[in-house]
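based on what follows, work out the 3D shape:
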Amino acid sequence: FNKLSNRSLEIGTSQSEAYNDILNVKAYSPDKTDLPSSQNNFDDSYDESIYKDLNSEIQEKQVVEGTVVGVNDKGVIIDIGFKSEGIIDRSDFKKIPDIGDKVDVFLITFENRKGEMVLSKEKADFAKRWEELRNAFSDETIIKGVITKRIKGGFVVDLDVVNAFLPGSQLEAKSITDYDQYLNNEYEFKIVKFNEFRQNIVVSRKAILSTENDEKRKELLANLEVGSVYEGLIKNITDFGAFIDLGGIDGLLHITDITWGRINHPSEKLSIGDKIDVKIIDYDEKTSRVSLGTKQLTVDPWQEVAEKFQVGSTVQGKVVNLMNYGMFVEINEGVEGLVHISEMSWTKHVKHPSDMFKMGDEIETKVLSLNVNEKKISLGIKQLEENPWDEIENKYNVGDTYMCKIKNTVNNGVFLELENNIEGFMHNNDISWTRKMKSINDFTNEESIEVKILEVSSKDKKILLSHKHMSDDPWQNIDNHIKLDDS
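Predicted structure coming up:
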């Protein structure tokens with residue numbers, strides 16, 4: 001046992017001495033060894049604390065200033081003051097810098113797995129620009145950007161390195177028909193949303209224009225006077241008129257104030273985006289409503305009517321409206337006359353003007369009456385011909401028979417054409433002696449019928465006709481045919 005104990009003691013003493021020798025190994029710096037320089041790195045593990053101690057002011061994930069120390073085909077070599085340089089791809093630079101130039105770079109990491117420092121010029125530019133945009137958002141500073149492309153719901157705006165979203169509704173303060181005209185153009189914008197976490201920026205051009213318009217609006221309203229003339233931009237067109245931008249305030253140009261003449265829709269005279277001169281014809285200060293006119297910029301054509309048109313004169317015109325009672329004919333821009341349905345023909349029974357005319361027809365008329373104060377002109381068409389009724393009694397005699405064409409059926413009878421548009425009237429009671437007729441259609445389906453003239457009056461302008469009088473009245477000799485005691 002004692003031998004074993006002594007042996008164990010000897011072994012323990014030897015191990016202790018060996019351990020002390022290990023602790024007393026001399027340390028050498030790399031430059032004092034005989035090893036090649038490439039073998040000096042005994043431990044390739046990355047210790048960030050080393051670099052923090054070397055320069056505590058520079059940390060990873062931040063923008064630092066570096067110096068260009070070399071340029072080659074691969075990239076630009078940057079020295080930021082550490083043991084090794086970093087290299088940045090040439091594509092990160094808009095313009096390749098010269099050796100010695102100072103550039104801001106983003107320090108991604110001091111060393112990657114390959115022992116290389118990783119730098120980025122693009123991220124440095126983004127970080128710097130992001131900080132500028134953050135300040136612009138806080139200070140509500142106006143920035144500039146280029147609209148580069150259209151996307152769903154709006155546009156992409158290049159704010160120099162950083163892209164922003166411009167909603168379509170925030171592009172203009174007015175209506176837009178052609179969005180592509182804004183592409184690749186530089187405009188001023190206001191940042192309305194800045195999301196740090198998602199790195200999302202929303203800008204508005206309308207916000208700037210609205211502010212400018214508010215200032216122009218106040219100035220315009222302060223100097224607005226009825227009767228003054230302004231240049232305006234047509235923003236929108238509706239069925240009842242057009243909205244005109246006067247530069248900060250919109251006015252309504254009603255369809256009736258566009259032209260002295262008749263139009264069916266404002267688009268016949270106006271187009272969105274056009275600039276026009278308008279006259280202020282009314283202004284309500286309480287509601288800030290402005291009524292505009294363009295026809296008021298010219299002389300009212302009715303002021304010249306008395307000189308241009310006299311009663312009895314013949315005038316050329318265009319049919320512009322058809323009504324049940326007649327039609328309106330434009331004989332000059334802004335001047336219309338009425339041709340009453342009774343003034344269309346001496347002989348025809350016209351139920352509606354469309355029986356003889358259609359919209360847009362160019363026709364000749366005669367001026368029957370003129371009232372400039374009430375802006376009324378009565379026109380006639382039948383007056384262009386001699387009145388056939390003046391000689392009607394000499395031409396047609398009672399008892400004469402004619403084969404007449406059925407022209408028009410009414411509730412109590414039918415109009416028949418004798419010849420040359422001369423019409424007569426046959427009452428339903430004069431169709432048959434024995435049958436009670438509600439219409440000529442109950443009696444015949446033929447287009448013509450033989451009749452006898454019962455009455456001719458040039459004064460009343462009428463000819464009465466009868467079919468039943470083509471034969472004797474059977475009721476006068478009824479007793480010769482039927483006896484009371486006949487069974």
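
so which bits of the strand or helix carrying residue 212 are buried?
Counting by DSSP states H and E, the secondary-structure element that holds residue 212 is helix 206-223. Using 16 or more other C-beta atoms under 10 Å as the test for burial, helix 206-223 gives 206, 207, 208, 209, 213, 217, 220. Where you see a C-beta, it was placed from the backbone N, CA and C, and this is true even at glycine.

least confident of these?
Least confident of the buried residues of helix 206-223 in the model: residue 213, at 69.

name the spans of the chain whose pLDDT lies under the cut-off.
Where the chain drops to pLDDT under 70, the residues are 1-58, 213, 478-487.

which stretches in it count as helices?
Using DSSP state H, the helices assigned to the chain run over residues 2-23, 48-54, 121-139, 206-223, 305-308, 392-395, 478-481.

pull out the buried residues from the third one.
It refers to helix 121-139. By neighbour count, and taking 16+ other C-beta under 10 Å as the criterion, the buried residues in helix 121-139 are 121, 123, 124, 125, 126, 127, 130, 132, 133, 136, 137.

the fifth one and residue 350, how far apart?
Just to be clear, that refers to residue 126. Computed with C-beta to C-beta, to the nearest Å, the distance linking residue 126 and residue 350 is 82 Å.

OK, contacts around residue 258?
Residues in contact with residue 258 (C-beta atoms under 8 Å, 6 or more residues apart in numbering) are 241, 242, 266, 269, 270, 293, 294, 295.

ok, the third one touching residue 241?
Put plainly, it is residue 266. Yes: Residue 266 lies in contact with residue 241 (C-beta atoms under 8 Å); the separation is 5.9 Å.

give me the nearest residue to residue 155, chain neighbours excluded.
residue 166 (4.4 Å; C-beta to C-beta, 6 or more residues apart in numbering).

which residue packs closest to residue 180, ignoring adjacent ones?
In space, not counting the residues next to it along the chain, residue 180 is nearest to residue 150; the distance is 7.5 Å by C-beta to C-beta, 6+ apart.

ok, now residue 348?
The shortest distance from residue 348 to any non-neighbouring residue, by C-beta to C-beta, 6+ apart, is to residue 421 (5.8 Å).

give me the phi and psi for the one you found.
The phi/psi pair for residue 421 (degrees, to the nearest 10) reads phi 70, psi 10.

pull the number of nearby residues for it.
If you count neighbours by other C-beta atoms under 10 Å, residue 421 ends up with 12.

now do residue 260 against residue 91, distance only.
The spacing between residue 260 and residue 91, counted by C-beta to C-beta, is 67 Å.

ah, wrong one, I meant residue 138
Relative to residue 91, and taking C-beta to C-beta, residue 138 is found at 33 Å.

also residue 186?
Using C-beta to C-beta, one obtains 24 Å as the distance from residue 186 to residue 91.

all strands for the stretch 351-487 of the chain, in order.
With DSSP state E, counting those that start in this stretch, the ranges of strands along the stretch 351-487 of the chain come out as 362-371, 376-380, 401-410, 413-419, 422-427, 448-457, 462-466.

and what of the stretch 151-300 of the chain?
Applying DSSP E, counting those that start in this stretch to the stretch 151-300 of the chain gives strands spanning 154-158, 163-167, 186-195, 200-204, 229-237, 241-245, 250-254, 275-284, 289-293.

returning to that earlier point: got TSV for the strands of the stretch 351-487 of the chain, with mean neighbour count and distance to residue 328 too?
Output for these, formatted as TSV (neighbours: other C-beta atoms under 10 Å; distance: least, C-beta to C-beta, whole Å):
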stretch	mean neighbour count	distance to residue 328
strand 362-371	15	11
strand 376-380	21	9
strand 401-410	16	24
strand 413-419	20	26
strand 422-427	20	26
strand 448-457	17	32
strand 462-466	20	29
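
out of these, which is closest to residue 252?
Smallest distance to residue 252 across these (C-beta to C-beta): 28.2 Å, for strand 376-380.

what strands flank the closest one, and is each parallel or antiparallel?
Strands adjacent to strand 376-380 in the sheet, as given by DSSP bridges, are strand 335-340 (parallel), strand 362-371 (antiparallel).

contact partners of that strand?
For strand 376-380, the external contacting residues (C-beta under 8 Å, 6+ apart) are 305, 309, 315, 317, 329, 331, 335-340, 343, 365-371.

circling back: most neighbours of all the contacts of residue 258, which one?
Per-residue neighbour counts (other C-beta under 10 Å) across the contacts of residue 258 peak at residue 242, which has 28 neighbours.

circling back: surely the residue nearest to residue 348 is in contact with residue 350?
No: using C-beta under 8 Å, residue 421 is not in contact with residue 350; the gap is 11.2 Å.

nearest residue to the middle of this protein?
For the chain, the residue lying nearest the average C-alpha position, counting by C-alpha atoms, centre = their mean, turns out to be residue 177 (5.1 Å).

my read: that one touches residue 237, true?
No: look at residue 177 against residue 237 with C-beta under 8 Å: they stay out of range, at 10.8 Å.

give me the common contacts of those two.
Common neighbours of residue 177 and residue 237, using C-beta under 8 Å, 6+ apart, are residue 272.

how about residue 267, what does it touch?
Contacts for residue 267 were tallied using C-beta under 8 Å, 6+ apart; they are residue 237.

residue 468 versus that one, what's the distance?
As judged by C-beta to C-beta, residue 267 and residue 468 stand 59 Å apart.

one more: residue 420?
Residue 420 sits at a distance of 26 Å from residue 468 (criterion: C-beta to C-beta).
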